[in-house]
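Colleague: Using only what follows, build the 3D model:
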Amino acid sequence: MSLPSHLSSIGYIIKTTRIAKGLTQTQLADEAGVRLATISDIEQGKANFQINTLVRIATALGYHIDIRFVYPTK
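Modeller: Predicted structure coming up:
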């Protein structure tokens, strides 16, 4: 079973932001307090993760999470 495409998008954003900030996966994992394998799996779109993990990673990257629900127009 494949994971939803939004997980790949989130992983891509995390990876490109991490690289732009000059961090290794190990450094980001240490800053966020998560396992290196977690960062790797998320960046590859292979992991379904809890929102608190995403918040920890975003905080370590210097960002906050702003969730908006957008209703489709029909």
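
Colleague: what about Ala29, how many residues close to it?
Modeller: Neighbour count of Ala29, defined by other C-beta atoms under 10 Å: 20. C-beta: built from backbone N, CA, C; applies to glycine.

Colleague: next one: Leu61
Modeller: 18.

Colleague: Counting neighbours, which bits of the helix or strand bottoming out on mean pLDDT in the chain end up buried?
Modeller: One helix or strand of the chain scores below all others by mean pLDDT, DSSP states H and E: helix 5-20, with a mean of 93. Neighbour-count burial for helix 5-20 flags Leu7, Ser8, Ile10, Gly11, Ile14, Lys15, Thr17, Arg18 (criterion: 16 or more other C-beta atoms under 10 Å).

Colleague: Then stretch 40-54?
Modeller: Going by neighbour count (16+ other C-beta under 10 Å), the buried part of stretch 40-54 is Ser40, Asp41, Ile42, Glu43, Gly45, Ala47, Phe49, Thr53, Leu54.

Colleague: Please compute how far it lies from its chain's middle.
Modeller: Put simply, stretch 40-54 sits 6 Å off its chain's centre (C-alpha atoms, centre = their mean, to the nearest Å).

Colleague: and if you look at stretch 36-48?
Modeller: 8 Å.

Colleague: next one: stretch 22-37
Modeller: Per C-alpha atoms, centre = their mean, the centroid offset for stretch 22-37 relative to its chain is 11 Å.

Colleague: Which strands and helices lie in contact with the least confident helix or strand of the chain?
Modeller: Judged by 3 or more C-beta pairs under 8 Å, 6 or more residues apart in numbering; DSSP states H and E, helix 5-20 is in contact with helix 36-43.

Colleague: and the helix it packs on, average pLDDT?
Modeller: The average pLDDT for helix 36-43 rounds to 97.

Colleague: Next, the angle helix 5-20 makes with it.
Modeller: 120 degrees (axes from the mean of the first three to the mean of the last three C-alpha atoms, to 10 degrees).

Colleague: from memory Ala32 sits against Ile57, does it?
Modeller: Yes. Counting by C-beta atoms under 8 Å, Ala32 touches Ile57, with 4.7 Å between them.
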